[in-house]
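Visitor: predicted model, plus sequence, below.
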Amino acid sequence: MNSASPPCTTVDQLATPAALVDLDVMHANLARVAEYATGHGLALRPHAKTHKAPGLAAEQRRLGAVGVTVATAPEAAVMAGAVDDVLVAYPPVDPGRIARLMALPPSVRLTVALDSEPALDRLSAAAAAAGRVVGVLVELDLGMHRTGVQTPADALALAHLARRLEPLEYRGVMFYPGHIRQHVDQQLADIERLGSELDGYLDALAAAQLPAQIVSGGSTPTLFHSHRLPRQTEIRPGTYIFNDRTTAAIGACAWRDCAYSVLATVISTAVPGQAVVDAGSKALNREDIRGAVDAPGYGALRDRPEVFVKAMSEEHGLLCLGGTDWQPRVGERVRIVPNHVCISVNLHPRIHGVRGDSIAHSWEVAARGWA
């Protein structure tokens, strides 16, 4: 898996906080989604923002992924060392971002999603100067209301322009169903509405002789409903490789499928009803998921999910002990599953792949930050 030799051989030797991944659980996650995508005729293009490690991207490719999705130019540059097909699912407008994308190896098949004529013009000029073909996906807003064109007419205009501007290559459309985050059992009505809106865009493009070769969508929360959008051709889940507390809370995975956790040490039990660990906001992140599910706090213990992180400061995590008879000891180590794994991974320099208490692999989080 292109991993570096681990500096430690057992979990006990690690300084805390540290990012851990249960390798057996991770491989089961990868195999399950690869099998689902193949079984439903969907191309799998995982989002590398979750793991940010080229060795893990290579493992996803080995299991059948057609390439990877990235958001940043540094992610693209790092992943290009392991995968030769990269989708940048973020409109490149800043000149520095565009320049870094144009500097990717010529062997990399590059595709960019965007939603405006200025972004398209800048990309075209840069691609022409670099002498490289760049694919274009027109991004559609199908409910997320973050980026994406608002009408089929807007999509047609961009697709026409992308086809005319050499050396760009119009390849299709992209959308992100990130607004669908309720429990999987309650998603079907929203997915049906999304499919109807998607059909309107695709029909308009086809009628204008601009059929979408690629229809790229998907997310981890909606992952196993992807086949309900029959005109979708590829999916871009990210979190599924590790999963997290949110994914489990909405039913997109079981708790046992959470491969990632942050190893922390109990540093204080002085205040009644709580224990304090050395993993705070700089190791876990402050994302609150109570708007989507009834799950208070910022993470929960992997082997005691009733114990959750009720509050944090930068270096302190406060565990709520109100729902358990567990009495932690100062110096005891725990593993915390964060609410949102992608943000937590970005806070750590290295991920340690473990089996039991043994460290079998270690990956640098090479695409973290903006360096």
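Guide: Looks like it came in fine.
Visitor: in this protein, which segments are predicted with low confidence?
Guide: 1-6, 291, 371 (pLDDT under 70).
Visitor: and it, what are its domains?
Guide: According to automatic domain parsing, the chain is divided into the following domains: 23-242, 246-364.
Visitor: now find how far off-centre the last one is within its chain.
Guide: Per CA atoms, centre = their mean, to the nearest Å, the displacement of domain 246-364 from the mean C-alpha position of its chain is 19 Å.
Visitor: my read is Val354 is in a strand, agree?
Guide: Yes - applying DSSP: H, G, I helix; E, B strand; the rest coil, one finds Val354 inside a strand.
Visitor: what's the local residue count around it?
Guide: 24 (other CB atoms under 10 Å). (C-beta placed from N, C-alpha, C; glycine too.)
Visitor: who touches the closest residue to it other than its chain neighbours in this structure?
Guide: The shortest distance from Val354 to any non-neighbouring residue, by CB to CB, 6 or more residues apart in numbering, is to Leu20 (5.3 Å). Counting by CB atoms under 8 Å, 6 or more residues apart in numbering, Leu20 makes contact with 11, 260-263, 335, 351-354.
Visitor: then Ile351?
Guide: Here Ile351 is in contact with 19-21, 51, 53, 260, 345, 362-363, 365 (CB under 8 Å, 6+ apart).
Visitor: SS state for it?
Guide: strand.
Visitor: and if you look at Thr16?
Guide: Applying three-state DSSP: Thr16 is coil.
Visitor: next one: the closest residue to it other than its chain neighbours from Ala119, what distance?
Guide: Of all residues not flanking Thr16 in the chain, Thr265 sits nearest, at 4.5 Å (CB to CB, 6+ apart). Thr265 sits 47 Å away from Ala119, taking CB to CB, to the nearest Å as the criterion.
Visitor: do Val33 as well
Guide: Distance from Val33 to Ala119, by CB to CB: 31 Å.
Visitor: so for these two, which residue has more residues nearby?
Guide: Remark: of Val33 and Ala119, Val33 carries more neighbours, 25 against 19, as counted by other CB under 10 Å.
Visitor: now the more buried one: which helix or strand?
Guide: Assessed by DSSP states H and E, Val33 sits inside helix 23-39.
Visitor: which residues touch Val133?
Guide: Val133 sits in contact with 127, 167-169, where contact means CB under 8 Å, 6+ apart.
Visitor: list only buried entries from these.
Guide: 127, 168-169 (16 or more other CB atoms under 10 Å).
Visitor: which of these fall within strands?
Guide: Of the positions in those, 168-169 sit in strands, assigned by DSSP state E.
Visitor: distance to Val277 added to the buried ones among the contacts of Val133, as JSON lines?
Guide: Converted to JSON lines, the buried ones among the contacts of Val133 look like this (distance: CB to CB, whole Å):
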{"residue": "Ala127", "distance to Val277": "49"}
{"residue": "Leu168", "distance to Val277": "50"}
{"residue": "Glu169", "distance to Val277": "51"}
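Visitor: and the buried ones among the contacts of Val133, which is closest to Ala73?
Guide: Proximity of the buried ones among the contacts of Val133 to Ala73 was ranked by CB to CB; the top entry is Ala127 with 14.6 Å.
Visitor: what about the closest one, distance to Leu165?
Guide: Ala127 is 9 Å from Leu165, by CB to CB.
Visitor: got it, and Arg146?
Guide: 25 Å.
Visitor: tell me which of these two has more neighbours.
Guide: Leu165 (19 against 11).
Visitor: for that one, which non-adjacent residue is closest in space?
Guide: Using CB to CB, 6+ apart, the nearest residue to Leu165 is Ser124, at 4.0 Å.
Visitor: if anything else comes up later, I'll come back, but that's it for now.
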